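Enquirer: Fold the following for me, if possible:
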Amino acid sequence: MDYHQLGLRWLRTDLNWASVQSAGPDSYDWRDMDRIVAMARMHDMKVLPAVGSLPDWAWTTDADGRKIRDARAFGRFMQAAAERYAPQNIHVWEIWNEPNLQGPFPPHPDASAYAALLKEAAAAIRDTDPGAIVLLGGLAAVMVTDLDGDPAAISALDFLETIYAEGAGSSFDAVGFHPYTGTALPDPSDPQNGWGLMSGPLRDIMAANGDGSKPIWVTEYGAPTNIGGGGTSHDDQARMLGSAADLAQRTPWIDALFWYSYRDLGDDPQNREDWFGLIDAQGHPKPARAAFERILLQLQKVR
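Expert: Below is the predicted model of the structure:
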(Lines give C-alpha, C1' and ligand atoms only; values in the text may rest on other atoms or scores of the structure.)
Protein backbone atom coordinates (compact mmCIF):
# COMPACT_ATOMS: atom_id res chain seq x y z
CA MET A 1 0.00 0.00 0.00
CA ASP A 2 1.72 3.15 -1.22
CA TYR A 3 0.05 5.33 1.42
CA HIS A 4 1.83 3.37 4.13
CA GLN A 5 5.14 3.29 2.25
CA LEU A 6 5.00 7.07 2.02
CA GLY A 7 4.77 7.25 5.79
CA LEU A 8 1.18 8.39 6.12
CA ARG A 9 -0.54 7.61 9.39
CA TRP A 10 -4.07 8.92 8.77
CA LEU A 11 -6.75 8.16 6.20
CA ARG A 12 -9.82 10.39 5.87
CA THR A 13 -12.76 8.64 4.26
CA ASP A 14 -16.52 9.05 3.86
CA LEU A 15 -18.89 7.18 6.13
CA ASN A 16 -22.09 7.36 4.14
CA TRP A 17 -25.19 7.25 6.34
CA ALA A 18 -27.40 6.89 3.27
CA SER A 19 -25.55 3.74 2.22
CA VAL A 20 -25.25 2.11 5.63
CA GLN A 21 -28.96 2.56 6.37
CA SER A 22 -30.37 2.59 2.86
CA ALA A 23 -32.93 -0.11 3.72
CA GLY A 24 -34.41 1.77 6.68
CA PRO A 25 -33.72 2.97 10.22
CA ASP A 26 -33.32 -0.55 11.60
CA SER A 27 -30.92 -1.75 8.89
CA TYR A 28 -27.14 -1.53 8.96
CA ASP A 29 -24.72 -2.47 6.19
CA TRP A 30 -21.20 -1.70 7.39
CA ARG A 31 -19.35 -3.75 4.77
CA ASP A 32 -17.71 -0.88 2.88
CA MET A 33 -16.54 0.87 6.04
CA ASP A 34 -15.41 -2.40 7.61
CA ARG A 35 -13.21 -3.09 4.60
CA ILE A 36 -11.57 0.36 4.80
CA VAL A 37 -11.03 0.16 8.56
CA ALA A 38 -9.54 -3.34 8.31
CA MET A 39 -7.16 -2.23 5.56
CA ALA A 40 -6.07 0.81 7.56
CA ARG A 41 -5.49 -1.23 10.71
CA MET A 42 -3.41 -3.72 8.75
CA HIS A 43 -1.10 -0.83 7.82
CA ASP A 44 -1.16 0.79 11.27
CA MET A 45 -3.10 3.83 10.06
CA LYS A 46 -5.77 5.83 11.86
CA VAL A 47 -9.09 6.54 10.17
CA LEU A 48 -10.99 9.83 10.22
CA PRO A 49 -14.59 9.19 9.12
CA ALA A 50 -16.34 12.16 7.53
CA VAL A 51 -19.94 11.19 8.24
CA GLY A 52 -22.72 12.47 6.03
CA SER A 53 -25.51 12.05 3.46
CA LEU A 54 -29.14 11.49 4.39
CA PRO A 55 -30.99 8.26 3.50
CA ASP A 56 -34.30 8.76 1.69
CA TRP A 57 -36.37 7.68 4.68
CA ALA A 58 -34.80 10.44 6.84
CA TRP A 59 -36.42 13.19 4.75
CA THR A 60 -39.91 14.64 4.94
CA THR A 61 -41.61 17.13 2.62
CA ASP A 62 -44.07 19.76 3.80
CA ALA A 63 -45.36 23.11 2.57
CA ASP A 64 -41.95 24.68 3.24
CA GLY A 65 -40.07 22.08 1.23
CA ARG A 66 -37.87 19.08 1.98
CA LYS A 67 -36.57 18.80 5.53
CA ILE A 68 -34.82 16.39 7.83
CA ARG A 69 -37.47 14.23 9.49
CA ASP A 70 -35.81 13.63 12.87
CA ALA A 71 -32.28 14.58 13.93
CA ARG A 72 -32.46 11.90 16.63
CA ALA A 73 -32.23 9.25 13.91
CA PHE A 74 -28.77 10.55 13.10
CA GLY A 75 -27.85 10.33 16.78
CA ARG A 76 -28.90 6.68 16.83
CA PHE A 77 -26.81 6.03 13.75
CA MET A 78 -23.77 7.72 15.29
CA GLN A 79 -24.18 5.72 18.48
CA ALA A 80 -24.15 2.50 16.45
CA ALA A 81 -21.10 3.72 14.51
CA ALA A 82 -19.18 4.64 17.66
CA GLU A 83 -20.06 1.35 19.34
CA ARG A 84 -18.77 -0.52 16.31
CA TYR A 85 -15.60 1.43 15.60
CA ALA A 86 -14.33 2.82 18.92
CA PRO A 87 -13.02 -0.68 19.76
CA GLN A 88 -11.22 -0.52 16.38
CA ASN A 89 -9.33 2.66 17.38
CA ILE A 90 -11.57 5.25 15.75
CA HIS A 91 -11.86 8.11 18.21
CA VAL A 92 -12.18 11.19 15.93
CA TRP A 93 -15.37 11.89 13.98
CA GLU A 94 -16.02 14.64 11.45
CA ILE A 95 -19.72 15.42 11.34
CA TRP A 96 -20.46 16.05 7.67
CA ASN A 97 -18.28 17.31 4.85
CA GLU A 98 -18.77 20.95 3.79
CA PRO A 99 -22.30 21.25 5.21
CA ASN A 100 -22.37 24.92 4.17
CA LEU A 101 -22.66 23.84 0.51
CA GLN A 102 -25.77 22.65 -1.31
CA GLY A 103 -24.16 19.52 -2.75
CA PRO A 104 -23.25 17.87 0.56
CA PHE A 105 -26.36 19.23 2.34
CA PRO A 106 -29.30 19.24 -0.11
CA PRO A 107 -31.70 20.70 -0.99
CA HIS A 108 -29.83 23.73 0.39
CA PRO A 109 -27.44 24.27 3.29
CA ASP A 110 -29.17 24.91 6.59
CA ALA A 111 -27.01 25.79 9.60
CA SER A 112 -29.85 25.35 12.09
CA ALA A 113 -30.69 21.88 10.78
CA TYR A 114 -27.01 20.99 10.82
CA ALA A 115 -26.68 22.21 14.42
CA ALA A 116 -29.46 19.81 15.42
CA LEU A 117 -27.63 16.91 13.76
CA LEU A 118 -24.35 17.94 15.40
CA LYS A 119 -25.91 18.02 18.88
CA GLU A 120 -27.37 14.55 18.48
CA ALA A 121 -24.14 13.15 17.03
CA ALA A 122 -21.91 14.59 19.74
CA ALA A 123 -24.14 13.32 22.56
CA ALA A 124 -24.25 9.82 21.06
CA ILE A 125 -20.51 9.62 20.41
CA ARG A 126 -19.54 10.93 23.85
CA ASP A 127 -21.97 8.58 25.57
CA THR A 128 -20.25 5.66 23.86
CA ASP A 129 -16.65 6.95 23.79
CA PRO A 130 -16.18 9.79 26.32
CA GLY A 131 -12.66 10.60 25.12
CA ALA A 132 -13.61 10.92 21.45
CA ILE A 133 -12.96 14.10 19.45
CA VAL A 134 -15.94 15.52 17.55
CA LEU A 135 -15.15 17.81 14.63
CA LEU A 136 -17.60 20.36 13.30
CA GLY A 137 -17.83 19.22 9.68
CA GLY A 138 -15.13 20.66 7.42
CA LEU A 139 -16.53 24.01 6.32
CA ALA A 140 -15.87 25.19 2.79
CA ALA A 141 -14.07 28.54 2.65
CA VAL A 142 -17.06 30.40 1.21
CA MET A 143 -16.67 34.14 1.68
CA VAL A 144 -20.23 35.37 0.99
CA THR A 145 -23.64 33.76 1.50
CA ASP A 146 -25.63 33.18 -1.68
CA LEU A 147 -28.86 35.11 -1.05
CA ASP A 148 -30.55 34.40 -4.40
CA GLY A 149 -33.54 32.34 -3.25
CA ASP A 150 -32.59 29.06 -1.55
CA PRO A 151 -28.88 29.48 -0.85
CA ALA A 152 -26.52 27.19 -2.74
CA ALA A 153 -23.81 28.20 -0.28
CA ILE A 154 -23.61 29.85 3.12
CA SER A 155 -20.45 31.67 4.08
CA ALA A 156 -18.31 29.83 6.61
CA LEU A 157 -18.65 32.81 8.98
CA ASP A 158 -22.46 33.00 8.79
CA PHE A 159 -22.70 29.24 9.18
CA LEU A 160 -20.47 29.14 12.26
CA GLU A 161 -22.29 32.10 13.85
CA THR A 162 -25.57 30.20 13.52
CA ILE A 163 -24.06 27.06 15.02
CA TYR A 164 -23.21 29.06 18.13
CA ALA A 165 -26.58 30.83 18.14
CA GLU A 166 -28.30 27.42 18.08
CA GLY A 167 -26.42 26.41 21.23
CA ALA A 168 -24.20 23.83 19.55
CA GLY A 169 -20.87 25.32 20.63
CA SER A 170 -20.37 22.61 23.23
CA SER A 171 -21.07 19.88 20.67
CA PHE A 172 -17.68 20.04 18.94
CA ASP A 173 -14.12 19.79 20.18
CA ALA A 174 -12.54 21.36 17.10
CA VAL A 175 -13.60 23.08 13.89
CA GLY A 176 -12.97 21.30 10.61
CA PHE A 177 -12.09 23.72 7.82
CA HIS A 178 -11.12 23.56 4.13
CA PRO A 179 -9.04 26.67 3.37
CA TYR A 180 -8.65 26.17 -0.38
CA THR A 181 -6.88 29.07 -2.08
CA GLY A 182 -7.41 28.43 -5.80
CA THR A 183 -4.05 28.89 -7.51
CA ALA A 184 -2.63 31.19 -4.79
CA LEU A 185 -0.31 30.24 -1.97
CA PRO A 186 -1.92 30.10 1.49
CA ASP A 187 -1.76 33.56 3.03
CA PRO A 188 -2.99 34.06 6.61
CA SER A 189 -2.81 37.86 6.21
CA ASP A 190 -5.23 38.06 3.25
CA PRO A 191 -8.95 37.86 4.21
CA GLN A 192 -9.77 36.91 0.60
CA ASN A 193 -7.51 33.86 0.91
CA GLY A 194 -8.89 30.66 2.48
CA TRP A 195 -6.10 30.66 5.06
CA GLY A 196 -6.72 34.32 5.84
CA LEU A 197 -10.44 33.66 6.32
CA MET A 198 -9.54 30.87 8.74
CA SER A 199 -6.81 32.74 10.60
CA GLY A 200 -8.74 35.99 10.98
CA PRO A 201 -12.54 36.22 11.06
CA LEU A 202 -13.22 32.52 11.68
CA ARG A 203 -10.90 32.45 14.70
CA ASP A 204 -12.43 35.74 15.84
CA ILE A 205 -15.91 34.16 15.90
CA MET A 206 -14.58 31.19 17.88
CA ALA A 207 -12.92 33.51 20.40
CA ALA A 208 -16.01 35.69 20.73
CA ASN A 209 -17.97 32.57 21.68
CA GLY A 210 -15.48 31.40 24.28
CA ASP A 211 -13.77 28.91 21.99
CA GLY A 212 -10.46 30.70 21.48
CA SER A 213 -8.62 27.69 22.86
CA LYS A 214 -10.31 25.19 20.56
CA PRO A 215 -8.18 24.00 17.63
CA ILE A 216 -8.91 23.79 13.93
CA TRP A 217 -8.36 20.64 11.91
CA VAL A 218 -7.64 21.39 8.26
CA THR A 219 -9.35 18.27 6.96
CA GLU A 220 -8.88 19.25 3.31
CA TYR A 221 -6.40 21.43 1.50
CA GLY A 222 -5.08 20.97 -2.02
CA ALA A 223 -4.88 22.28 -5.57
CA PRO A 224 -5.88 20.80 -8.94
CA THR A 225 -3.25 20.63 -11.69
CA ASN A 226 -5.48 20.98 -14.77
CA ILE A 227 -3.68 24.18 -15.67
CA GLY A 228 -5.66 24.61 -18.91
CA GLY A 229 -8.94 24.31 -16.99
CA GLY A 230 -8.23 26.80 -14.23
CA GLY A 231 -5.85 24.72 -12.12
CA THR A 232 -2.25 25.34 -11.19
CA SER A 233 1.04 23.93 -12.45
CA HIS A 234 2.64 20.83 -10.97
CA ASP A 235 5.44 22.91 -9.48
CA ASP A 236 3.04 25.42 -7.95
CA GLN A 237 0.99 22.60 -6.45
CA ALA A 238 4.16 21.38 -4.72
CA ARG A 239 4.89 24.91 -3.46
CA MET A 240 1.35 25.22 -2.09
CA LEU A 241 1.76 21.93 -0.24
CA GLY A 242 5.08 23.04 1.26
CA SER A 243 3.70 26.40 2.32
CA ALA A 244 0.60 24.85 3.91
CA ALA A 245 2.68 22.31 5.82
CA ASP A 246 5.02 25.02 7.09
CA LEU A 247 2.12 27.21 8.23
CA ALA A 248 0.39 24.30 9.95
CA GLN A 249 3.54 23.42 11.87
CA ARG A 250 4.03 27.02 13.00
CA THR A 251 0.40 27.65 14.00
CA PRO A 252 -0.38 26.38 17.51
CA TRP A 253 -4.13 26.17 17.00
CA ILE A 254 -3.92 23.94 13.89
CA ASP A 255 -4.00 20.37 15.17
CA ALA A 256 -4.03 18.53 11.83
CA LEU A 257 -3.55 19.05 8.09
CA PHE A 258 -4.98 16.61 5.56
CA TRP A 259 -3.88 16.96 1.93
CA TYR A 260 -6.56 16.38 -0.69
CA SER A 261 -5.81 14.06 -2.34
CA TYR A 262 -3.42 11.20 -3.10
CA ARG A 263 -4.33 10.17 -6.66
CA ASP A 264 -6.06 11.94 -9.55
CA LEU A 265 -9.57 10.65 -10.19
CA GLY A 266 -9.31 11.03 -13.97
CA ASP A 267 -7.90 13.18 -16.76
CA ASP A 268 -10.76 15.35 -18.04
CA PRO A 269 -8.98 18.69 -18.60
CA GLN A 270 -12.11 20.69 -17.73
CA ASN A 271 -13.04 18.77 -14.58
CA ARG A 272 -11.02 20.18 -11.71
CA GLU A 273 -12.11 17.35 -9.39
CA ASP A 274 -10.00 14.95 -11.47
CA TRP A 275 -6.69 16.68 -10.72
CA PHE A 276 -6.01 17.07 -6.99
CA GLY A 277 -3.68 14.08 -6.57
CA LEU A 278 -0.02 13.80 -5.60
CA ILE A 279 0.14 11.26 -8.41
CA ASP A 280 -1.76 11.27 -11.69
CA ALA A 281 -4.50 8.88 -12.75
CA GLN A 282 -1.93 6.50 -14.23
CA GLY A 283 0.09 6.43 -11.02
CA HIS A 284 2.93 8.72 -12.14
CA PRO A 285 4.16 10.98 -9.32
CA LYS A 286 3.89 14.75 -9.53
CA PRO A 287 6.50 17.01 -7.87
CA ALA A 288 4.10 17.36 -4.93
CA ARG A 289 4.58 13.71 -4.04
CA ALA A 290 8.32 14.20 -3.55
CA ALA A 291 7.58 17.37 -1.58
CA PHE A 292 5.17 15.43 0.60
CA GLU A 293 7.78 12.78 1.27
CA ARG A 294 10.34 15.44 2.27
CA ILE A 295 7.85 17.01 4.67
CA LEU A 296 7.15 13.66 6.32
CA LEU A 297 10.87 12.97 6.71
CA GLN A 298 11.38 16.37 8.33
CA LEU A 299 8.52 15.70 10.74
CA GLN A 300 10.03 12.36 11.70
CA LYS A 301 13.34 14.06 12.51
CA VAL A 302 11.57 16.64 14.68
CA ARG A 303 9.79 13.91 16.60
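Enquirer: just for the stretch 201-303 of the chain, where's the confidence low?
Expert: For the stretch 201-303 of the chain, applying pLDDT under 70 flags the ranges 302-303.
Enquirer: where do the helices sit along it?
Expert: For the stretch 201-303 of the chain, the helices defined by DSSP state H, counting those that start in this stretch occupy 203-208, 234-250, 287-302.
Enquirer: Let me know which of those is tucked in deepest.
Expert: helix 234-250 (a mean of 18; mean count of other CB atoms under 10 Å). Where C-beta positions appear, they are placed from N, C-alpha and C, glycine not excepted.
Enquirer: packing partners for that one?
Expert: Contact here means 3 or more CB pairs under 8 Å, 6 or more residues apart in numbering; DSSP states H and E; on that basis helix 234-250 packs against strand 216-221, strand 254-259, helix 287-302.
Enquirer: who's in contact with that helix?
Expert: 181, 183, 185-186, 188, 195, 218, 221-223, 225, 232, 254, 256-257, 259, 286-288, 290-292, 295, 299 (CB atoms under 8 Å, 6 or more residues apart in numbering).
Enquirer: now the angle from that helix to strand 254-259?
Expert: Angle between the axes of helix 234-250 and strand 254-259 is 160 degrees (criterion: axes from the mean of the first three to the mean of the last three CA atoms, to 10 degrees).
Enquirer: relative to helix 287-302, how tilted is helix 234-250?
Expert: For helix 234-250 against helix 287-302, the angle by the same axes, to 10 degrees is 20 degrees.
Enquirer: Off-centre distance for stretch 291-303?
Expert: 23 Å (CA atoms, centre = their mean, to the nearest Å).
Enquirer: for stretch 269-288, same thing?
Expert: Put simply, stretch 269-288 sits 20 Å off its chain's centre (CA atoms, centre = their mean).
Enquirer: That one: end-to-end distance?
Expert: One end of stretch 269-288 sits 19 Å from the other (CA to CA, to the nearest Å).
Enquirer: List the contacts of that stretch.
Expert: Residues outside stretch 269-288 that contact it (CB under 8 Å, 6+ apart): 222-226, 228-231, 234-235, 237-238, 241, 259-268, 289, 292.
Enquirer: related to what we said a few turns ago, residue 13: which of the helices of the stretch 201-303 of the chain is closest?
Expert: Closest to residue 13 of those is helix 287-302 (CB to CB; 18.6 Å).
Enquirer: Quick one: buried ones out of the contacts of helix 234-250?
Expert: With neighbours counted by 16 or more other CB atoms under 10 Å, the contacts of helix 234-250 contain buried members at 181, 185-186, 188, 195, 218, 221-223, 225, 232, 254, 256-257, 259, 286-288, 291-292, 295.
Enquirer: The residue nearest in space to the middle of the chain and residue 227: what is the separation?
Expert: The chain has residue 138 as the residue nearest its centroid, 3.7 Å off, counting by CA atoms, centre = their mean. Distance of residue 138 to residue 227, given as CB to CB, to the nearest Å: 26 Å.
Enquirer: try residue 203
Expert: For residue 203, the distance to residue 227 equals 33 Å [CB to CB].
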